Every structure is written in structure tokens, then in C-alpha cells.
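**Q** Fold the stuff below for me.
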Amino acid sequence: MTRSHKNAPIPKTARLLLPGRFAPLAARTRHALPFVFLTLAVIILFSPSCKDRPQASGEAPGSAPGSATSSAAAASAGSNPASPPLSAEFPSGKPYFVRVPPPEDWRRLSKPPLTFDKARKWGPAYELRHTDLSRLDLTAHGQDLLNVYFDTETNWPAALPAGFDPAKILELNRNPGLGIRELHARGVTGKGVSVAVVDTPILLDHVEYADRLRFYGEANVLGKSANFHGALVTSILAGRTCGVAPEAELYYVGSHNYEVDSDEGSGGPNATHYAKAVEELIEVNARLPREQRIRVISISAGCGPENIGYKAMNKAVRKAAKAGIFVVAGNIAVDYEPGFWFWGLYRASMDDPDDPSAYRAFSWKEWVSQVAGRDGFEKFYEKRLKRAGTGAGEGPGAGAPEFLLVPEGPKTVAGAAERDGYGFYQMGGWSSVLPYIAGLYALACQVKPDITPEGFWRAALATGDPMPVKADWATYAGKVVNPARLIESLR
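**A** Residues are numbered from 1 along each chain as shown. Now for the predicted structure:
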């Protein structure tokens with residue numbers, strides 16, 4: 001499965017998971033060119049449990065969250081990398097959690113920097129999450145602050161550069177953009193639709209989604225803590241204030257798509273684990289009443305023939321499709337004919353998320369570099385795109401593929417350290433695009449319950465606004481998704 005990389009080696013305990021998870025992330029604004037590649041690191045640390053956190057299914061009242069007082073909790077806390085068999089009591093009308101992941105622990109990374117230049121960095125970007133900057137003079141760092149990641153735990157000094165307002169940035173970028181909130185105001189919220197995510201462990205009690213989290217299972221986690229990436233994906237898909245489908249019911253399997261070892265952190269990519277997670281959700285789905293069954297699974301990852309588990313993942317996706325579940329992952333461009341091709345859009349962090357003219361499409365190099373990595377997914381993707389046709393009489397494809405253009409960033413999303421914490425990410429890679437698409441499909445399912453993935457994609461392209469995108473070898477037609485027009489066309 002593709003994962004992120006950066007120029008410096010990533011420690012085993014800090015590897016990421018996707019096309020764009022977060023492979024070099026393009027963090028740029030209208031006035032900050034050329035773009036720079038950024039990457040984030042997964043912080044896999046531990047912190048003490050809180051007494052008011054949720055309990056794993058079957059835990060005795062008052063027991064430590066995640067303690068092995070039930071078969072579910074015991075199996076997930078030990079050496080078994082998969083969730084235990086579903087209880088015969090599932091579904092019971094109550095949330096079902098096999099384990100309660102502990103929060104991310106930022107304590108080892110929270111030492112205040114002596115100067116701004118000494119702050120943590122990934123590539124050229126400043127990583128300011130959970131950082132105390134209160135004693136620093138940042139007034140001369142206005143340009144640097146265009147290239148930062150921060151959160152609600154960042155402690156800012158009283159004086160900041162003109163035009164840089166962290167609170168306003170956090171609030172503005174909760175908006176999914178392109179008129180999604182207008183649909184919410186009209187009652188199109190994903191209500192009555194069940195969605196699922198396969199991603200890193202999350203805080204089960206975060207205010208952004210806890211009220212609708214119905215199931216939490218695990219595959220290949222081995223007791224690791226909650227992680228920001230799963231929180232980002234969940235927020236974009238189904239977050240209460242950040243999400244495309246804020247009233248959808250949520251099912252989740254925490255997983256890593258690489259070999260996890262409790263002593264050494266992680267090993268090489270292995271799509272088999274995500275295939276097992278999809279199989280687990282298919283089993284969960286089969287137990288649900290028909291009206292509550294899962295319609296879409298969001299997986300911010302992709303895999304090619306070079307990956308271990310490629311065939312297993314394809315088999316799981318086909319099995320999900322037979323069960324009526326649309327698996328939205330990096331491979332949707334090649335899993336369907338003629339291919340569900342998509343491309344990311346960016347804008348400046350203070351631009352209006354609802355204004356289509358604020359968005360720009362990434363260049364081909366920027367876009368495909370977000371999935372570049374050691375497993376060759378970017379080469380597989382490019383080869384399949386060329387094979388799909390260029391519109392110039394080349395290749396077996398009937399004409400050129402048409403791309404659906406979807407906002408990638410910037411985004412404000414739930415964090416993984418505090419149940420009411422949020423983080424700001426200038427760009428999120430393909431990891432941000434895929435849950436947006438999954439959320440749109442959930443909205444489509446609400447207004448047209450018999451919608452199919454093929455029908456949804458055709459309608460999204462037919463109702464989108466033209467914006468061509470250029471690869472190194474051809475220019476392709478692109479359509480900026482128009483959510484309001486899409487939903488209206490389905491009524």
C-alpha cells in the first residue's frame with residue numbers, strides 16, 4: 001500500500017499510510033509559490049487512560065479502559081493482530097468497541113523551542129502542534145507561518161504577524177467547502193446512511209463523531225494509540241462540524257497497512273491487513289438490519305501489483321461490492337471501468353472554502369508525487385492512466401478519461417490527543433480527497449437510496465464545473481465537483 005515518504009528517513013514508529021498519507025504534501029497558498037513538499041509523521045506514543053473515556057464492549061463498570069475483562073478487549077490487547085470474532089450479541093443497539101485506544105501523547109515533543117527557527121520541522125514546514133510558542137517573537141515570521149501545521153493546543157504569543165489569525169484559520173477550514181454546508185441546511189446530511197472507515201486507531205470519544213460511532217474493530221494494531229490520520233479521515237467523511245456527511249452512522253476498523261511489531265514499530269507495506277479489515281466490515285454489515293447496512297467504506301490508501309496483499313485487497317473490494325458497499329480507496333481509478341479518476345484541488349487557508357474560483361488544481365508532478373513511494377504505486381497509477389487513453393487516438397481506452405476534481409486542503413479536523421482538540425493541516429494529500437468523495441456518496445445515498453457507484457460518478461461528472469488538468473503527456477477534461485447540483489440531479 002502506498003505510504004508517505006520524505007527526504008529524511010522516517011523512523012519505523014513514524015511511517016504513514018496512503019497515497020498521500022501524507023506523501024510529500026503540497027502546502028502552498030496563492031502568494032506562497034512555488035509549492036513546497038511537506039510530510040507529517042505519525043506519533044505512536046502512549047498516555048495514561050482517562051477515567052471518563054468509553055469502555056470496550058463487555059468491560060466491567062469502573063475498569064480501566066481497554067482492560068481485558070471481556071473476550072473482545074483481551075484479544076485486541078494481546079498479540080493477536082485481528083479483532084476477535086463478533087459477539088453473538090452484536091448488534092445489540094449499543095456501540096460495540098473491541099478496545100479503547102489511548103490518546104496520542106505529545107509530552108516528549110512539547111518542549112518549547114528557544115527560537116522559532118528551532119521549532120520542529122518536517123521538510124521545510126514547521127510542525128507546531130502542541131507547541132508552546134508564547135515566549136517567542138513571531139512578528140517577523142509572517143511568511144513562515146504560511147507553512148505551518150498547528151492545533152488547538154498550540155500556545156501562541158500575544159503578538160502575531162498582521163493577517164495571521166490562528167483561531168480564524170481553524171474555524172474557517174472546518175467547512176468542507178463547495179457548498180456542502182448549504183446542503184446540510186436543506187437536510188442533506190447523510191442521516192440514515194451508514195458509512196465506514198479503515199484507518200489508524202482513533203479516539204472513540206471525540207466530540208466530532210462519538211455520538212454516531214456504532215462499531216470499532218481492529219486489525220493489525222497491537223495496542224497502539226490513537227493517531228491523527230484516522231481522525232483526519234473520519235472528520236472529513238462524517239465529522240459533526242468538519243464533515244461532508246455529518247449525520248451518517250459510523251463504523252470503524254483501526255488498522256495499519258504495514259507490518260506492526262510491538263517492539264520495533266512497523267515493517268514493510270502489506271495490503272493484507274486492510275483486506276482483513278474490509279472483510280471484518282462485510283461481516284459486521286451482514287449482521288445489520290437492511291436499512292442500517294453500510295453503503296461506503298473510505299480507505300485512504302491504495303495498492304499496486306508490487307504490494308503484498310494486492311490480490312487479497314482486490315478480492316475484498318469485489319466482495320464488498322457484491323454486498324452493496326462502495327469501497328472508496330486510491331484504486332477506484334482502476335477498480336472500475338472506464339475508471340473513477342480524481343484529482344485534488346488546493347486553495348489559500350484564508351480563502352472562502354465555498355468559492356470555486358478560490359481553488360487551483362495541482363500540477364501532475366505535484367499530484368502524483370503525493371503517492372510516490374517505495375512500492376511503486378505512482379508508476380502503476382500512471383501506467384493505467386495512459387492505458388485508459390489520451391483522447392488522441394492512443395491506447396485501448398475509448399477517448400480520454402475525465403477527472404473529478406475534489407478539495408484536498410486546507411482542513412481543520414479532529415485531533416487524537418484530546419476529545420475536544422482540533423488540528424489544522426495545510427494539505428492532506430489523497431488522504432483528504434478520498435473521504436470527501438465517500439461523504440458525497442453518503443449524501444447521494446440519502447436522497448437516492450438505489451444509487452450505484454457508477455451512477456454516482458456519472459452524475460458527479462455531468463454536474464461538475466469544467467477545469468482542465470494537465471499531465472506530462474496530455475491534457476484531460478476535469479470537472480470541479482458541484483455538490484448542490486449533483487444532489488439536485490439525483491432527486
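
**Q** Please identify which helix or strand holds the most centrally placed residue in the chain.
**A** Among the residues of the chain, the one closest to the centroid is residue 233, at 2.6 Å (C-alpha atoms, centre = their mean). Assigned by DSSP states H and E, residue 233 belongs to helix 228-238.

**Q** Please pull up the helix or strand immediately following that helix.
**A** strand 249-255.

**Q** on that earlier part again, report the angle between the helix holding residue 233 and strand 249-255.
**A** 160 degrees (axes from the mean of the first three to the mean of the last three C-alpha atoms, to 10 degrees).

**Q** For residue 414, which residues count as its bridge partners?
**A** Residue 414 has these beta-bridge partners by DSSP bridges: residue 422.

**Q** What residues does it make contact with?
**A** Neighbour list for residue 414: 202-203, 206-209, 231-232, 234-235, 239, 242, 421-423 [criterion: C-beta atoms under 8 Å, 6 or more residues apart in numbering]. All C-beta spots, glycine's among them, are computed from the backbone N, C-alpha and C.

**Q** so how far is residue 337 from it?
**A** The gap separating residue 414 from residue 337 is 36 Å, by C-beta to C-beta, to the nearest Å.

**Q** For residue 388, report the pLDDT, please.
**A** pLDDT for residue 388: 86.

**Q** again, but for residue 205
**A** pLDDT at residue 205 comes out at 97.

**Q** Can you check my assumption that it lies in a strand?
**A** No: counting by DSSP: H, G, I helix; E, B strand; the rest coil, residue 205 is not part of a strand but coil.

**Q** quick one: it and residue 420 touch, right?
**A** No: in this structure residue 205 lies outside contact range of residue 420 using C-beta atoms under 8 Å: 9.6 Å.

**Q** So for those two, which residue has more residues nearby?
**A** It is residue 205, of residue 205 and residue 420, that has more neighbours when counted by other C-beta atoms under 10 Å, with 18 against 12.

**Q** How much space separates that one from residue 97?
**A** 10 Å.

**Q** Next: residue 148.
**A** In terms of C-beta to C-beta, residue 148 sits 34 Å off from residue 97.

**Q** what's the overlap in contacts for residue 205 and residue 97?
**A** With C-beta under 8 Å, 6+ apart, residue 205 and residue 97 have common neighbours residue 54.

**Q** Distance from stretch 86-93 to the middle of the chain?
**A** Here stretch 86-93 is found 28 Å from its chain centre; the criterion is C-alpha atoms, centre = their mean, to the nearest Å.

**Q** List the buried residues in that stretch.
**A** By 16 or more other C-beta atoms under 10 Å, the buried positions in stretch 86-93 come out as 86, 87, 90, 91.

**Q** In three-state terms, label the last one for me.
**A** Under three-state DSSP, residue 91 falls in the coil class.

**Q** Could I get the buried residue list for stretch 111-122?
**A** Residues of stretch 111-122 classed as buried: 113, 116, 119, 120, 122 (neighbour count, 16+ other C-beta under 10 Å).

**Q** Return the subset of these lying in strands.
**A** residue 122 (DSSP state E).

**Q** Same list as before, the buried residues of stretch 111-122 that is, but in JSON lines and with pLDDT included.
**A** Output for these, formatted as JSON lines (pLDDT from 0 to 100):
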{"residue": "113", "pLDDT": "89"}
{"residue": "116", "pLDDT": "90"}
{"residue": "119", "pLDDT": "88"}
{"residue": "120", "pLDDT": "86"}
{"residue": "122", "pLDDT": "74"}
